[in-house]
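> Turn this into a structure:
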Amino acid sequence: MSHLAFTIGEFAQSVGLNPKTIRYYEEIGLLPEPPRNRAGYRLYSNADLTRLHFVQRAKWLGLSLAEVKQLADYADHRQCDSLQEHLLALVQEKLAEVDCRLAELAALRNDLRCFQNELTVKTKETGTESNATAHDDPCKCLDPDQEKHHVN
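Numbering: from 1, shown residues only. Predicted coordinates:
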């Protein structure tokens, strides 16, 4: 049996969370509702602390609260094999998402470098003078018809 040792303030502080977050986690089932002392204060155990560390680690891995809850349910029912299989699938999915984002960011970085180079050349060619020929003509720096390179 786990020793009841923490009030909600102590519990939240021990993991760097706001007590409101702890109550929310209880409300959505990520944490079990703890017993209360005679004064009505929630009392958390070391097992609750372990569970909260699990939740934080899963969130750090990019899992949604719904995904974390499902994993926690597997852990509650001592279904370690199912938990590991499900966690592996989720981690593989998150890795694929990260790889996709990295490819998108690499493409954006390339686009920005090309645009930077084009602007650097134009700036050197024109100096600090404006290219606008009339007051009503807008700047065409971002006009895709005027540029060799499009920024998406």
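> Now do the strands in this protein.
Counting by DSSP state E, the chain has these strands, from start to end: 4-6, 44-45.
> worst average pLDDT in those strands?
Lowest mean pLDDT of those: strand 4-6, a mean of 79.
> Does Arg42 touch Pro32 like I think?
No - taking contacts as C-beta atoms under 8 Å, Arg42 lies outside contact range of Pro32: 10.8 Å. Just so you know, the C-beta spots here come from the backbone N, C-alpha and C atoms, and that holds for glycine as well.
> Which one of these two is surrounded by more residues?
Between Arg42 and Pro32, counting by other C-beta atoms under 10 Å, Arg42 is the more crowded of the two (21 against 15).
> quick one: low-confidence parts of this protein?
Regions of the chain meeting the criterion pLDDT under 70 cover residues 1-4, 127-137, 140, 143-152.
> Centre-most residue in it?
Nearest residue to the geometric centre of the chain (C-alpha atoms, centre = their mean): Gly62, 5.6 Å.
> what sits against the closest residue to Leu31 other than its chain neighbours?
In space, and not counting its chain neighbours, Leu31 is closest to Tyr25: 4.4 Å by C-beta to C-beta, 6 or more residues apart in numbering. Going by C-beta atoms under 8 Å, 6 or more residues apart in numbering, Tyr25 touches Leu31, Leu52, Val55.
> In helices, which of those appear?
Helix and strand membership here follows DSSP state H; of the contacts of Tyr25, those in helices are Leu52, Val55.
> from the contacts of Tyr25, which is closest to Leu83?
Distances from Leu83 to these, taken as C-beta to C-beta, are shortest for Val55 (13.5 Å).
> ranges for the helices of this structure?
When assigned using DSSP H, the helices of the chain occupy the ranges 8-15, 19-27, 46-60, 65-76, 80-126.
> who wins for proximity to Arg36 among these?
Distances from Arg36 to each of those were compared using C-beta to C-beta; the minimum, 10.2 Å, belongs to helix 8-15.
> residues making contact with that closest one?
Residues outside helix 8-15 that contact it (C-beta under 8 Å, 6+ apart) are 6, 18-19, 21-23, 41-42, 44, 48-49, 52-53, 56.
> repeat that for 7 Å
Phe6, Asn18, Pro19, Ile22, Arg42, Tyr44, Leu49, Leu52, His53, Gln56 (C-beta atoms under 7 Å, 6 or more residues apart in numbering).
> Cool, thanks, talk later.
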